[in-house]
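Student: One predicted model, sequence on top.
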Amino acid sequence: MTHYRTLKVDDLEIFYREAGDADAPVLLLLHGFPSSSRMFEPLLQRLSDRARLIAPDFPGFGHSSAPAPADFAYTFDRLAQVMNAFVEELGVARYTLVVQDYGGPVGFRMAMAHPERLQALIIQNAVAHDSGLGLVWQ
């Protein structure tokens with residue numbers, strides 16, 4: 001069964017989907033652009049008997065807070081800071097990161113900031129270098 005929850009992080013409401021046993025190994029699912037945690041619904045159903053799956057919506061996506069760009073820096077660095085605070089608030093000490101598209105640069109920054117938390121890294125179609133982002137992201 002998938003649970004739909006919201007957690008306050010840095011004055012932001014972060015919506016997330018969670019499934020599986022609380023004591024199971026954690027898969028932290030980071031979505032792509034222009035998606036949300038909803039993209040992981042089928043995975044939550046298929047793997048919840050083996051893992052604890054946590055799929056947050058980044059700020060500005062899905063059901064999470066969407067502050068004005070003047071009030072929130074929508075950078076990969078800032079999104080990674082929020083996601084690191086999110087897992088700390090949940091009390092998750094170790095996880096496997098599953099990153100897709102836009103979730104890649106966020107997850108890579110999380111892994112570099114806290115390598116002790118990372119058990120494994122699963123990458124699906126994610127940009128792994130700044131030059132891959134190009135002028136459109138500026």
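Tutor: Noted; the coordinates are in hand.
Student: Next, count neighbours for the residue nearest to L118 when sequence neighbours are not counted.
Tutor: Once flanking residues are discounted, L118 sits nearest to A111: 4.9 Å by CB to CB, 6 or more residues apart in numbering. All C-beta spots, glycine's among them, are computed from the backbone N, C-alpha and C. Neighbour count of A111, defined by other CB atoms under 10 Å: 15.
Student: just checking, what packs against the helix or strand hosting A111?
Tutor: For A111, the enclosing helix or strand under DSSP states H and E is helix 103-113. Other elements packing on helix 103-113 under the criterion 3 or more CB pairs under 8 Å, 6 or more residues apart in numbering; DSSP states H and E are strand 26-30, helix 76-90, strand 95-100, strand 118-124.
Student: can you list contacts of it?
Tutor: 28-32, 58, 76-77, 79-80, 83-84, 87, 97, 99, 117-118, 121, 123, 126-128, 133 (CB atoms under 8 Å, 6 or more residues apart in numbering).
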